[in-house]
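> following is a predicted model, sequence given first.
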Amino acid sequence: MLRVRLLLLLIISPCCLIFSQDLELIGLLDGQLVTIDSLTGQATVYRTPSGPANLADLTYHESNDAFYSLRNTSNEPSLIRISVDGEFEEIGSLTINGNQIPLAEALAYYPEQEKLYAAVSLNGGTSDNDFYSESIVEVDTNTGECIFITEISTNQTNPDIDVMTFSGDDLYLADGAPPSANFLSIYRLNFQSVGVLSNPVVTYESSYLPIRDFTVIGSSIYFTEERKLYKYSTISNTIQLIGTTHSQSDFSGEIIQGISKFESCFLPFLDLGEDQVVCDRQSLLLDATNSNATYTWQDGSSASTFLVTSSGTYSVRVDNACGLTVDTVKVDFLDTPIVDLGEDQTLCDTNTVELELTAVPGTYTWQDGSESPRYEVSQPGNYWVLVENACGSDSDTVRIDYLDTPTLNLGEDQTLCNGSSLVLDVSSVQGNYRWIDGSDDFLFEVTQSGTYWLEVENFCGTAKDSIEIVYDDLLVSSIPNVFTPNGDGVNDYFFIDSRLMNTSLQVFQRTGHKVYESTNYQNDWDGSNLPSGTYYWSLSNTCGHYKGSVTILY
(Lines give C-alpha, C1' and ligand atoms only; values in the text may rest on other atoms or scores of the structure.)
Protein backbone atom coordinates (compact mmCIF):
# COMPACT_ATOMS: atom_id res chain seq x y z
CA MET A 1 0.00 0.00 0.00
CA LEU A 2 1.39 3.40 -0.97
CA ARG A 3 -0.01 6.47 0.71
CA VAL A 4 0.96 10.06 -0.17
CA ARG A 5 -0.33 13.14 1.57
CA LEU A 6 0.18 16.61 0.08
CA LEU A 7 -0.79 19.90 1.69
CA LEU A 8 -1.40 22.66 -0.82
CA LEU A 9 -0.45 26.27 -0.13
CA LEU A 10 -3.32 28.31 -1.52
CA ILE A 11 -3.92 32.01 -2.09
CA ILE A 12 -7.56 32.32 -1.08
CA SER A 13 -10.15 35.05 -0.74
CA PRO A 14 -11.23 36.45 2.66
CA CYS A 15 -14.47 34.43 2.54
CA CYS A 16 -12.58 31.22 2.07
CA LEU A 17 -10.08 32.29 4.74
CA ILE A 18 -12.91 32.62 7.26
CA PHE A 19 -14.10 29.12 6.34
CA SER A 20 -10.65 27.62 6.59
CA GLN A 21 -10.30 29.05 10.10
CA ASP A 22 -13.58 27.60 11.37
CA LEU A 23 -12.73 25.70 14.53
CA GLU A 24 -14.12 22.60 16.12
CA LEU A 25 -13.49 20.87 19.40
CA ILE A 26 -11.40 17.70 19.51
CA GLY A 27 -11.28 15.53 22.61
CA LEU A 28 -9.19 12.62 23.91
CA LEU A 29 -11.46 9.76 24.96
CA ASP A 30 -10.68 6.10 25.60
CA GLY A 31 -7.43 6.37 23.64
CA GLN A 32 -9.21 7.86 20.61
CA LEU A 33 -9.73 11.29 19.12
CA VAL A 34 -13.34 12.48 19.13
CA THR A 35 -15.07 15.58 17.82
CA ILE A 36 -17.24 17.42 20.37
CA ASP A 37 -20.21 19.39 19.09
CA SER A 38 -19.90 22.90 20.55
CA LEU A 39 -23.70 23.34 20.45
CA THR A 40 -24.79 20.01 21.98
CA GLY A 41 -21.68 18.57 23.60
CA GLN A 42 -22.10 15.26 21.72
CA ALA A 43 -18.82 13.32 21.23
CA THR A 44 -18.26 11.40 17.98
CA VAL A 45 -15.25 9.32 16.96
CA TYR A 46 -12.91 11.30 14.73
CA ARG A 47 -10.02 8.83 14.47
CA THR A 48 -10.37 5.25 15.63
CA PRO A 49 -6.83 3.87 16.22
CA SER A 50 -6.48 3.30 19.97
CA GLY A 51 -3.63 4.96 21.79
CA PRO A 52 -1.70 4.06 24.94
CA ALA A 53 -3.29 4.19 28.39
CA ASN A 54 -2.89 6.90 31.01
CA LEU A 55 -3.13 9.88 28.65
CA ALA A 56 -4.25 13.28 29.91
CA ASP A 57 -4.66 16.77 28.43
CA LEU A 58 -4.69 17.59 24.71
CA THR A 59 -3.53 20.55 22.65
CA TYR A 60 -3.21 21.09 18.91
CA HIS A 61 0.15 22.38 17.64
CA GLU A 62 -0.74 24.28 14.48
CA SER A 63 2.74 24.61 13.00
CA ASN A 64 3.50 20.90 13.58
CA ASP A 65 -0.01 19.88 12.45
CA ALA A 66 -0.25 17.45 15.36
CA PHE A 67 -1.84 17.01 18.76
CA TYR A 68 0.21 16.60 21.94
CA SER A 69 -0.73 14.87 25.18
CA LEU A 70 0.84 13.70 28.43
CA ARG A 71 1.32 10.13 29.54
CA ASN A 72 1.62 9.18 33.26
CA THR A 73 1.17 12.75 34.50
CA SER A 74 2.06 11.94 38.12
CA ASN A 75 4.70 9.29 37.54
CA GLU A 76 7.60 10.18 35.22
CA PRO A 77 5.42 11.95 32.63
CA SER A 78 6.30 11.73 28.94
CA LEU A 79 5.24 13.63 25.84
CA ILE A 80 2.91 11.96 23.31
CA ARG A 81 2.45 13.13 19.74
CA ILE A 82 -0.84 12.27 17.96
CA SER A 83 -1.11 12.86 14.21
CA VAL A 84 -4.32 14.22 12.73
CA ASP A 85 -4.81 10.69 11.38
CA GLY A 86 -4.85 9.35 14.93
CA GLU A 87 -1.40 7.74 14.99
CA PHE A 88 0.27 7.85 18.41
CA GLU A 89 4.01 8.37 18.97
CA GLU A 90 5.82 8.63 22.30
CA ILE A 91 8.40 11.45 21.99
CA GLY A 92 10.13 10.90 25.32
CA SER A 93 10.13 11.74 29.01
CA LEU A 94 9.69 15.34 30.14
CA THR A 95 13.12 16.36 31.45
CA ILE A 96 14.84 19.54 32.50
CA ASN A 97 18.60 19.83 32.50
CA GLY A 98 18.61 16.11 31.73
CA ASN A 99 16.60 15.24 34.86
CA GLN A 100 13.17 13.60 34.84
CA ILE A 101 10.32 15.96 35.68
CA PRO A 102 8.26 14.10 38.32
CA LEU A 103 4.85 15.72 37.79
CA ALA A 104 3.09 17.40 34.82
CA GLU A 105 -0.61 18.29 34.59
CA ALA A 106 -1.28 20.53 31.58
CA LEU A 107 -0.17 21.36 28.04
CA ALA A 108 -0.92 24.42 25.90
CA TYR A 109 0.17 25.58 22.46
CA TYR A 110 1.11 29.28 22.13
CA PRO A 111 0.35 30.23 18.47
CA GLU A 112 2.10 33.63 18.72
CA GLN A 113 5.43 31.88 19.35
CA GLU A 114 4.55 28.50 17.77
CA LYS A 115 5.76 26.80 20.94
CA LEU A 116 4.45 24.19 23.37
CA TYR A 117 4.30 24.83 27.13
CA ALA A 118 3.57 22.60 30.10
CA ALA A 119 2.57 23.09 33.74
CA VAL A 120 4.91 20.98 35.90
CA SER A 121 6.28 20.54 39.40
CA LEU A 122 10.03 21.05 39.80
CA ASN A 123 9.99 20.56 43.56
CA GLY A 124 9.28 16.84 43.63
CA GLY A 125 6.39 14.61 42.72
CA THR A 126 3.72 12.49 44.29
CA SER A 127 6.38 10.28 45.84
CA ASP A 128 7.51 13.41 47.74
CA ASN A 129 3.93 14.35 48.61
CA ASP A 130 4.08 17.17 46.06
CA PHE A 131 0.84 17.15 44.06
CA TYR A 132 1.10 20.68 42.67
CA SER A 133 2.17 21.92 39.25
CA GLU A 134 3.31 25.45 39.92
CA SER A 135 5.87 26.07 37.14
CA ILE A 136 5.55 26.78 33.41
CA VAL A 137 8.17 25.25 31.10
CA GLU A 138 8.75 25.36 27.37
CA VAL A 139 8.72 21.84 25.84
CA ASP A 140 10.86 20.67 22.93
CA THR A 141 8.38 18.74 20.75
CA ASN A 142 11.15 16.59 19.29
CA THR A 143 12.75 15.39 22.54
CA GLY A 144 10.57 16.30 25.57
CA GLU A 145 13.43 18.38 27.05
CA CYS A 146 12.09 21.46 28.89
CA ILE A 147 13.26 25.01 29.70
CA PHE A 148 12.05 26.84 32.82
CA ILE A 149 9.92 29.94 32.06
CA THR A 150 8.18 31.07 35.25
CA GLU A 151 6.73 29.97 38.58
CA ILE A 152 3.11 30.83 39.30
CA SER A 153 2.05 32.50 42.53
CA THR A 154 -1.62 32.85 43.53
CA ASN A 155 -3.56 33.61 46.68
CA GLN A 156 -3.71 29.88 47.38
CA THR A 157 -1.28 28.25 49.79
CA ASN A 158 -0.20 25.73 47.19
CA PRO A 159 -0.75 27.09 43.69
CA ASP A 160 -1.64 24.22 41.35
CA ILE A 161 -2.09 24.61 37.60
CA ASP A 162 -4.53 21.85 36.66
CA VAL A 163 -5.25 23.07 33.11
CA MET A 164 -4.14 25.92 30.87
CA THR A 165 -4.74 27.38 27.40
CA PHE A 166 -3.63 30.41 25.36
CA SER A 167 -5.80 33.14 23.79
CA GLY A 168 -3.54 35.55 21.95
CA ASP A 169 -0.87 36.57 24.47
CA ASP A 170 -3.09 35.69 27.42
CA LEU A 171 -2.50 32.43 29.25
CA TYR A 172 -5.61 31.16 31.04
CA LEU A 173 -5.01 28.91 34.02
CA ALA A 174 -7.39 26.90 36.21
CA ASP A 175 -6.82 25.64 39.74
CA GLY A 176 -9.50 23.30 41.03
CA ALA A 177 -9.02 22.06 44.56
CA PRO A 178 -10.55 18.72 45.56
CA PRO A 179 -13.88 18.73 47.36
CA SER A 180 -12.16 19.00 50.73
CA ALA A 181 -10.93 22.47 49.76
CA ASN A 182 -13.92 23.10 47.49
CA PHE A 183 -12.83 25.93 45.21
CA LEU A 184 -12.33 26.65 41.53
CA SER A 185 -10.24 29.56 40.31
CA ILE A 186 -9.66 30.67 36.74
CA TYR A 187 -6.73 33.03 36.16
CA ARG A 188 -5.39 35.09 33.28
CA LEU A 189 -1.72 35.94 32.75
CA ASN A 190 -0.18 38.11 30.02
CA PHE A 191 2.56 35.86 28.78
CA GLN A 192 4.63 38.70 27.35
CA SER A 193 5.26 40.07 30.86
CA VAL A 194 6.15 36.91 32.78
CA GLY A 195 9.20 36.87 35.03
CA VAL A 196 10.81 34.25 37.20
CA LEU A 197 7.75 34.54 39.44
CA SER A 198 4.40 35.51 37.94
CA ASN A 199 1.10 36.53 39.54
CA PRO A 200 -1.91 35.82 37.34
CA VAL A 201 -5.18 37.76 37.72
CA VAL A 202 -8.30 35.96 39.00
CA THR A 203 -11.13 36.14 36.45
CA TYR A 204 -13.52 33.61 37.99
CA GLU A 205 -14.00 31.93 41.36
CA SER A 206 -16.58 29.40 42.44
CA SER A 207 -16.97 26.08 44.22
CA TYR A 208 -15.03 23.00 43.15
CA LEU A 209 -15.52 21.65 39.65
CA PRO A 210 -13.07 18.96 38.42
CA ILE A 211 -12.02 20.46 35.10
CA ARG A 212 -10.09 17.95 32.97
CA ASP A 213 -8.89 20.33 30.26
CA PHE A 214 -9.96 23.48 28.45
CA THR A 215 -9.41 25.36 25.23
CA VAL A 216 -10.32 28.88 24.13
CA ILE A 217 -12.23 29.98 21.03
CA GLY A 218 -12.79 33.71 20.81
CA SER A 219 -14.28 34.93 24.10
CA SER A 220 -15.31 31.44 25.23
CA ILE A 221 -13.35 28.81 27.07
CA TYR A 222 -14.68 25.28 26.55
CA PHE A 223 -13.92 22.65 29.14
CA THR A 224 -15.02 19.13 30.07
CA GLU A 225 -15.95 17.74 33.48
CA GLU A 226 -16.87 14.07 33.82
CA ARG A 227 -19.19 13.51 30.81
CA LYS A 228 -20.28 17.12 30.30
CA LEU A 229 -19.17 20.03 28.12
CA TYR A 230 -19.13 23.57 29.61
CA LYS A 231 -18.46 27.02 28.19
CA TYR A 232 -16.91 29.83 30.24
CA SER A 233 -17.39 33.40 28.93
CA THR A 234 -14.34 35.63 29.44
CA ILE A 235 -16.63 38.64 28.98
CA SER A 236 -19.33 37.86 31.54
CA ASN A 237 -17.20 35.53 33.69
CA THR A 238 -20.00 32.97 33.76
CA ILE A 239 -20.08 29.20 33.14
CA GLN A 240 -22.75 27.56 30.98
CA LEU A 241 -23.47 23.80 30.67
CA ILE A 242 -23.61 22.88 26.96
CA GLY A 243 -24.63 19.21 27.22
CA THR A 244 -23.61 15.61 27.80
CA THR A 245 -20.70 14.31 25.72
CA HIS A 246 -21.56 10.59 25.99
CA SER A 247 -23.35 8.10 28.18
CA GLN A 248 -21.67 6.05 30.87
CA SER A 249 -21.96 2.91 28.73
CA ASP A 250 -20.12 4.48 25.78
CA PHE A 251 -16.36 4.44 25.20
CA SER A 252 -15.73 1.72 27.78
CA GLY A 253 -17.11 4.01 30.47
CA GLU A 254 -14.13 6.39 30.16
CA ILE A 255 -14.34 10.18 30.43
CA ILE A 256 -12.77 12.87 28.23
CA GLN A 257 -9.17 13.45 29.33
CA GLY A 258 -8.29 16.37 27.04
CA ILE A 259 -9.83 18.97 24.75
CA SER A 260 -8.40 21.25 22.09
CA LYS A 261 -9.48 23.56 19.32
CA PHE A 262 -8.72 22.37 15.80
CA GLU A 263 -9.20 23.91 12.38
CA SER A 264 -12.00 22.09 10.65
CA CYS A 265 -10.14 22.21 7.37
CA PHE A 266 -7.90 19.16 7.22
CA LEU A 267 -6.61 16.85 4.55
CA PRO A 268 -8.89 14.02 3.41
CA PHE A 269 -8.51 10.84 5.42
CA LEU A 270 -7.84 7.97 3.06
CA ASP A 271 -6.94 4.35 3.64
CA LEU A 272 -7.72 1.80 0.92
CA GLY A 273 -6.20 -0.87 3.13
CA GLU A 274 -3.40 -3.34 2.58
CA ASP A 275 -2.92 -5.14 -0.73
CA GLN A 276 -5.61 -7.80 -0.89
CA VAL A 277 -6.36 -11.22 -2.33
CA VAL A 278 -10.03 -11.71 -3.22
CA CYS A 279 -11.11 -15.33 -3.47
CA ASP A 280 -13.48 -17.02 -5.89
CA ARG A 281 -14.50 -14.06 -8.02
CA GLN A 282 -16.05 -11.94 -5.29
CA SER A 283 -16.02 -8.18 -5.76
CA LEU A 284 -14.35 -5.59 -3.54
CA LEU A 285 -15.72 -2.12 -2.81
CA LEU A 286 -13.04 0.53 -2.26
CA ASP A 287 -14.41 3.44 -0.23
CA ALA A 288 -12.71 6.85 -0.21
CA THR A 289 -15.67 8.84 1.12
CA ASN A 290 -14.81 12.20 2.75
CA SER A 291 -16.93 15.28 3.40
CA ASN A 292 -16.78 18.08 0.82
CA ALA A 293 -14.29 16.22 -1.35
CA THR A 294 -13.83 15.28 -5.00
CA TYR A 295 -12.45 11.96 -6.24
CA THR A 296 -10.34 10.82 -9.17
CA TRP A 297 -9.82 7.07 -9.58
CA GLN A 298 -7.21 5.44 -11.81
CA ASP A 299 -9.75 5.14 -14.65
CA GLY A 300 -10.89 8.75 -14.36
CA SER A 301 -14.18 7.96 -12.60
CA SER A 302 -15.26 10.40 -9.89
CA ALA A 303 -17.50 8.49 -7.45
CA SER A 304 -16.53 8.21 -3.79
CA THR A 305 -16.44 4.41 -4.12
CA PHE A 306 -15.05 2.00 -6.71
CA LEU A 307 -16.21 -1.57 -7.29
CA VAL A 308 -13.26 -3.84 -8.11
CA THR A 309 -14.08 -6.97 -10.11
CA SER A 310 -10.70 -7.95 -11.57
CA SER A 311 -7.07 -8.09 -10.54
CA GLY A 312 -5.05 -4.90 -10.82
CA THR A 313 -3.61 -1.86 -9.09
CA TYR A 314 -6.18 0.74 -8.05
CA SER A 315 -5.56 4.29 -6.90
CA VAL A 316 -7.62 7.32 -5.96
CA ARG A 317 -6.91 10.98 -5.40
CA VAL A 318 -9.17 12.77 -2.93
CA ASP A 319 -9.19 16.60 -2.95
CA ASN A 320 -10.73 19.08 -0.53
CA ALA A 321 -10.16 22.73 0.34
CA CYS A 322 -7.02 21.88 2.33
CA GLY A 323 -5.23 19.69 -0.16
CA LEU A 324 -5.23 16.17 -1.47
CA THR A 325 -4.55 12.61 -0.39
CA VAL A 326 -3.56 9.73 -2.68
CA ASP A 327 -3.65 6.05 -1.88
CA THR A 328 -2.98 2.92 -3.93
CA VAL A 329 -3.86 -0.71 -3.36
CA LYS A 330 -3.11 -3.87 -5.33
CA VAL A 331 -5.97 -6.38 -5.64
CA ASP A 332 -5.55 -9.94 -6.86
CA PHE A 333 -8.57 -12.06 -7.72
CA LEU A 334 -7.78 -15.69 -7.06
CA ASP A 335 -9.76 -18.90 -7.30
CA THR A 336 -9.59 -21.65 -4.73
CA PRO A 337 -7.53 -24.34 -6.50
CA ILE A 338 -9.46 -27.06 -8.32
CA VAL A 339 -7.00 -29.72 -9.46
CA ASP A 340 -7.88 -32.23 -12.20
CA LEU A 341 -5.10 -34.37 -13.64
CA GLY A 342 -7.60 -36.05 -15.92
CA GLU A 343 -8.60 -39.67 -16.31
CA ASP A 344 -6.17 -42.51 -15.77
CA GLN A 345 -4.14 -43.04 -18.95
CA THR A 346 -2.49 -45.84 -20.87
CA LEU A 347 0.54 -44.89 -22.98
CA CYS A 348 2.18 -46.84 -25.80
CA ASP A 349 5.70 -48.19 -25.67
CA THR A 350 8.12 -45.40 -24.57
CA ASN A 351 5.85 -42.39 -25.14
CA THR A 352 5.74 -39.61 -22.51
CA VAL A 353 2.92 -37.39 -21.28
CA GLU A 354 3.08 -33.96 -19.60
CA LEU A 355 0.74 -33.26 -16.70
CA GLU A 356 0.16 -29.50 -16.86
CA LEU A 357 -1.46 -27.18 -14.28
CA THR A 358 -0.42 -23.68 -15.35
CA ALA A 359 -4.07 -22.59 -15.41
CA VAL A 360 -4.36 -23.31 -11.66
CA PRO A 361 -2.57 -20.50 -9.74
CA GLY A 362 -0.65 -21.45 -6.64
CA THR A 363 2.34 -23.40 -5.42
CA TYR A 364 2.76 -27.02 -6.53
CA THR A 365 4.03 -30.08 -4.71
CA TRP A 366 4.28 -33.35 -6.68
CA GLN A 367 4.68 -36.83 -5.21
CA ASP A 368 8.46 -36.60 -5.64
CA GLY A 369 8.71 -33.12 -4.07
CA SER A 370 9.14 -31.20 -7.33
CA GLU A 371 7.39 -27.82 -7.57
CA SER A 372 6.85 -27.04 -11.26
CA PRO A 373 3.35 -26.57 -12.69
CA ARG A 374 4.36 -29.17 -15.31
CA TYR A 375 5.37 -32.80 -14.74
CA GLU A 376 6.63 -35.20 -17.42
CA VAL A 377 5.69 -38.87 -17.02
CA SER A 378 7.85 -41.53 -18.67
CA GLN A 379 7.13 -44.65 -16.66
CA PRO A 380 4.05 -46.29 -15.11
CA GLY A 381 2.86 -45.31 -11.67
CA ASN A 382 0.51 -43.20 -9.54
CA TYR A 383 1.14 -39.45 -9.83
CA TRP A 384 -0.35 -36.82 -7.48
CA VAL A 385 -0.02 -33.09 -6.95
CA LEU A 386 -1.07 -30.66 -4.19
CA VAL A 387 -1.81 -27.06 -5.22
CA GLU A 388 -2.03 -24.35 -2.55
CA ASN A 389 -2.71 -20.61 -2.71
CA ALA A 390 -4.10 -17.88 -0.46
CA CYS A 391 -7.65 -19.14 -1.02
CA GLY A 392 -7.15 -22.82 -0.17
CA SER A 393 -5.71 -26.06 -1.51
CA ASP A 394 -6.69 -29.10 -3.59
CA SER A 395 -5.03 -32.29 -4.82
CA ASP A 396 -5.59 -35.03 -7.40
CA THR A 397 -4.07 -38.37 -8.38
CA VAL A 398 -3.84 -40.07 -11.78
CA ARG A 399 -2.67 -43.55 -12.75
CA ILE A 400 -0.41 -43.84 -15.80
CA ASP A 401 0.10 -47.32 -17.36
CA TYR A 402 2.27 -48.32 -20.30
CA LEU A 403 1.22 -50.77 -23.06
CA ASP A 404 3.45 -52.32 -25.74
CA THR A 405 2.42 -52.29 -29.37
CA PRO A 406 1.47 -55.96 -30.00
CA THR A 407 4.15 -58.28 -31.42
CA LEU A 408 2.95 -61.80 -32.21
CA ASN A 409 4.81 -65.03 -32.94
CA LEU A 410 2.88 -68.32 -32.98
CA GLY A 411 6.13 -70.16 -33.57
CA GLU A 412 7.46 -72.37 -36.37
CA ASP A 413 5.13 -74.62 -38.36
CA GLN A 414 4.81 -77.95 -36.59
CA THR A 415 4.26 -81.64 -37.29
CA LEU A 416 2.19 -83.47 -34.76
CA CYS A 417 1.62 -87.11 -34.13
CA ASN A 418 -1.79 -88.61 -34.69
CA GLY A 419 -3.98 -88.32 -31.62
CA SER A 420 -1.97 -85.45 -30.06
CA SER A 421 -3.00 -81.79 -29.69
CA LEU A 422 -1.28 -78.43 -29.43
CA VAL A 423 -2.30 -75.44 -27.26
CA LEU A 424 -1.25 -72.07 -28.62
CA ASP A 425 -0.75 -69.64 -25.66
CA VAL A 426 -0.47 -65.86 -26.30
CA SER A 427 -1.23 -64.63 -22.75
CA SER A 428 2.01 -62.61 -22.76
CA VAL A 429 0.60 -60.38 -25.51
CA GLN A 430 -1.84 -57.73 -24.22
CA GLY A 431 -4.87 -56.94 -26.31
CA ASN A 432 -8.04 -58.32 -27.80
CA TYR A 433 -7.71 -61.71 -29.57
CA ARG A 434 -9.43 -62.95 -32.74
CA TRP A 435 -8.54 -66.48 -33.91
CA ILE A 436 -9.32 -68.05 -37.23
CA ASP A 437 -12.59 -69.42 -35.84
CA GLY A 438 -13.61 -66.11 -34.20
CA SER A 439 -12.77 -67.17 -30.65
CA ASP A 440 -11.25 -64.51 -28.35
CA ASP A 441 -9.35 -66.45 -25.68
CA PHE A 442 -5.58 -66.19 -25.27
CA LEU A 443 -5.47 -70.06 -25.51
CA PHE A 444 -6.25 -72.00 -28.68
CA GLU A 445 -6.20 -75.84 -29.00
CA VAL A 446 -5.19 -77.44 -32.30
CA THR A 447 -6.41 -81.01 -32.96
CA GLN A 448 -6.18 -81.33 -36.73
CA SER A 449 -3.99 -80.29 -39.56
CA GLY A 450 -4.40 -76.82 -40.95
CA THR A 451 -3.12 -73.26 -41.08
CA TYR A 452 -4.11 -71.27 -37.97
CA TRP A 453 -3.92 -67.49 -37.65
CA LEU A 454 -4.48 -65.00 -34.81
CA GLU A 455 -4.98 -61.24 -34.82
CA VAL A 456 -4.24 -59.23 -31.63
CA GLU A 457 -5.37 -55.65 -31.30
CA ASN A 458 -4.84 -53.14 -28.45
CA PHE A 459 -4.72 -49.37 -27.90
CA CYS A 460 -1.28 -49.19 -29.45
CA GLY A 461 -1.77 -51.24 -32.64
CA THR A 462 -2.50 -54.60 -34.31
CA ALA A 463 -0.41 -57.72 -34.96
CA LYS A 464 -1.16 -60.91 -36.94
CA ASP A 465 0.61 -64.25 -37.33
CA SER A 466 -0.13 -67.77 -38.59
CA ILE A 467 1.19 -71.29 -38.08
CA GLU A 468 0.75 -74.49 -40.10
CA ILE A 469 0.07 -77.70 -38.21
CA VAL A 470 0.34 -81.05 -40.05
CA TYR A 471 -0.37 -84.41 -38.50
CA ASP A 472 2.13 -87.16 -39.19
CA ASP A 473 -0.17 -89.57 -41.12
CA LEU A 474 -0.84 -86.96 -43.72
CA LEU A 475 2.85 -86.49 -44.30
CA VAL A 476 3.41 -90.20 -44.73
CA SER A 477 0.63 -90.38 -47.29
CA SER A 478 2.49 -87.81 -49.33
CA ILE A 479 5.60 -90.00 -49.81
CA PRO A 480 6.07 -90.63 -53.59
CA ASN A 481 5.64 -94.13 -55.01
CA VAL A 482 8.01 -93.58 -57.93
CA PHE A 483 11.14 -91.57 -58.81
CA THR A 484 13.47 -91.49 -61.85
CA PRO A 485 17.15 -91.13 -60.93
CA ASN A 486 18.26 -90.66 -64.57
CA GLY A 487 20.24 -87.51 -63.93
CA ASP A 488 17.89 -85.18 -65.76
CA GLY A 489 17.40 -83.10 -62.66
CA VAL A 490 13.75 -84.03 -62.36
CA ASN A 491 12.55 -86.43 -59.70
CA ASP A 492 16.07 -87.78 -59.29
CA TYR A 493 15.72 -88.46 -55.55
CA PHE A 494 13.42 -90.25 -53.20
CA PHE A 495 11.81 -87.05 -51.95
CA ILE A 496 9.66 -87.03 -48.80
CA ASP A 497 8.03 -84.11 -46.94
CA SER A 498 10.76 -82.10 -45.27
CA ARG A 499 8.93 -82.47 -41.96
CA LEU A 500 9.63 -86.23 -42.13
CA MET A 501 13.32 -85.70 -42.61
CA ASN A 502 15.71 -86.32 -39.77
CA THR A 503 13.96 -89.67 -39.25
CA SER A 504 15.14 -93.26 -39.79
CA LEU A 505 14.70 -94.67 -43.33
CA GLN A 506 15.40 -98.24 -44.59
CA VAL A 507 14.87 -99.55 -48.17
CA PHE A 508 14.63 -103.29 -49.10
CA GLN A 509 14.47 -105.39 -52.25
CA ARG A 510 11.67 -107.87 -52.73
CA THR A 511 13.99 -110.53 -51.33
CA GLY A 512 14.30 -108.58 -48.06
CA HIS A 513 17.84 -107.48 -48.79
CA LYS A 514 18.49 -103.99 -47.38
CA VAL A 515 19.73 -101.70 -50.09
CA TYR A 516 19.70 -98.33 -48.21
CA GLU A 517 19.59 -97.09 -44.62
CA SER A 518 19.79 -93.63 -42.96
CA THR A 519 19.15 -92.63 -39.33
CA ASN A 520 18.81 -89.01 -40.34
CA TYR A 521 17.35 -88.92 -43.80
CA GLN A 522 17.86 -85.69 -45.74
CA ASN A 523 16.10 -86.41 -49.10
CA ASP A 524 19.42 -87.48 -50.60
CA TRP A 525 18.87 -91.15 -51.79
CA ASP A 526 19.07 -91.41 -55.58
CA GLY A 527 18.50 -95.16 -55.87
CA SER A 528 22.19 -96.09 -55.46
CA ASN A 529 22.35 -97.29 -59.12
CA LEU A 530 19.86 -99.99 -58.38
CA PRO A 531 18.00 -101.42 -61.38
CA SER A 532 14.50 -100.36 -62.15
CA GLY A 533 11.95 -102.09 -60.04
CA THR A 534 9.84 -101.93 -56.92
CA TYR A 535 11.51 -101.47 -53.54
CA TYR A 536 10.07 -101.39 -50.08
CA TRP A 537 10.77 -98.68 -47.46
CA SER A 538 10.39 -98.51 -43.70
CA LEU A 539 10.19 -95.09 -41.97
CA SER A 540 10.40 -94.62 -38.20
CA ASN A 541 9.92 -91.40 -36.12
CA THR A 542 8.57 -90.38 -32.75
CA CYS A 543 5.01 -90.85 -33.91
CA GLY A 544 5.46 -94.48 -35.06
CA HIS A 545 6.66 -96.89 -37.78
CA TYR A 546 5.44 -96.62 -41.38
CA LYS A 547 5.92 -98.88 -44.47
CA GLY A 548 5.36 -98.49 -48.16
CA SER A 549 6.80 -99.13 -51.62
CA VAL A 550 8.46 -97.05 -54.31
CA THR A 551 9.34 -97.85 -57.95
CA ILE A 552 12.62 -96.78 -59.56
CA LEU A 553 12.40 -96.00 -63.25
CA TYR A 554 15.12 -94.92 -65.65
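Great, that's in hand.
> what helix or strand is residue 249 on?
Using DSSP states H and E, residue 249 sits in no helix or strand.
> burial count for it?
For residue 249, the neighbour count with other C-beta atoms under 10 Å is 7. (Glycine included, C-beta is placed from N, CA and C.)
> show me what contacts it?
Contacts for residue 249 (C-beta atoms under 8 Å, 6 or more residues apart in numbering) come out as none.
> in this protein, which spans are helices?
Assigned helices in the chain, in chain order: 14-20, 472-476 (criterion: DSSP state H).
> which regions of the stretch 301-450 of the chain lie under the pLDDT threshold?
For the stretch 301-450 of the chain, no stretch has pLDDT under 70.
> how about a cut-off of 90?
Within the stretch 301-450 of the chain, the segments meeting pLDDT under 90 span 320-323, 335, 346-352, 357-361, 402-405, 414-421, 430, 449.
> and residue 20, what's its pLDDT?
Confidence at residue 20, expressed as pLDDT, is 32.
> which of the helices of the chain has the lowest mean pLDDT?
helix 14-20 (a mean of 28).
> the stretch 1-150 of the chain: strands as residue ranges?
2-7, 23-29, 32-36, 43-47, 55-61, 66-71, 78-83, 88-93, 95-96, 99-100, 103-110, 115-121, 135-139, 145-152 (DSSP state E, counting those that start in this stretch).
> next, count neighbours for residue 278.
Residues near residue 278, counting by other C-beta under 10 Å, number 18.
> quick one: it and residue 335 touch, right?
No - Residue 278 is beyond contact range of residue 335, at 10.1 Å (criterion: C-beta atoms under 8 Å).
> tell me how many other residues crowd residue 183.
Applying other C-beta under 10 Å, we find 15 residues neighbouring residue 183.
> any idea how far residue 212 is from it?
Distance from residue 183 to residue 212, counting by C-beta to C-beta, to the nearest Å: 17 Å.
> may I have the beta-bridge partners of residue 541?
Here residue 541 shows beta-bridge partners residue 544, assigned using DSSP bridges.
> actually, residue 259.
The partner residues for residue 259, given DSSP bridges, come to residue 27.
> please name the nearest non-neighbouring residue to the most centrally placed residue in the chain.
Nearest to the mean C-alpha position of the chain, counting by C-alpha atoms, centre = their mean, stands residue 390 at 2.8 Å. Leaving aside its chain neighbours, residue 390 sits nearest to residue 277 (4.4 Å; criterion: C-beta to C-beta, 6 or more residues apart in numbering).
> from what I can see that neighbour touches residue 391, true?
Yes - assessed by C-beta under 8 Å, residue 277 is found in contact with residue 391 at 7.0 Å.
> give me the more crowded residue out of the two.
Using other C-beta under 10 Å as the criterion, residue 277 and residue 391 rank with residue 391 on top: 16 against 13.
> which residues touch the nearest residue to the more buried one once chain neighbours are set aside?
Computed as C-beta to C-beta, 6+ apart, the closest residue to residue 391 that is not its neighbour in sequence is residue 279, at 3.8 Å. Counting by C-beta under 8 Å, 6+ apart, residue 279 touches 334, 335, 336, 390, 391, 392.
> who's residue 279 bridged to?
Counting by DSSP bridges, residue 279 is bridged to residue 334.
> and the gap between it and residue 388?
In terms of C-beta to C-beta, residue 279 sits 13 Å off from residue 388.
> what do you get for residue 24?
51 Å.
> same question, residue 136
Relative to residue 388, residue 136 is positioned 63 Å away (C-beta to C-beta).
> so which of the two has more stuff around it?
Higher neighbour count among residue 136 and residue 388: residue 136, with 25 against 14, using other C-beta under 10 Å.
> chain neighbours aside, what residue packs nearest to that one?
With C-beta to C-beta, 6+ apart as the criterion, residue 136 has its nearest non-adjacent residue at 4.6 Å, and that residue is residue 149.
> try residue 301
Excluding the flanking residues, the one nearest residue 301 by C-beta to C-beta, 6+ apart is residue 295, at 7.9 Å.
> what bridges to that neighbour?
residue 318.
> quick check: residue 25 touching residue 259?
Yes - Residue 25 is in contact with residue 259 according to C-beta under 8 Å; the separation is 6.0 Å.
> any common contacting residues for those two?
36, 215, 222.
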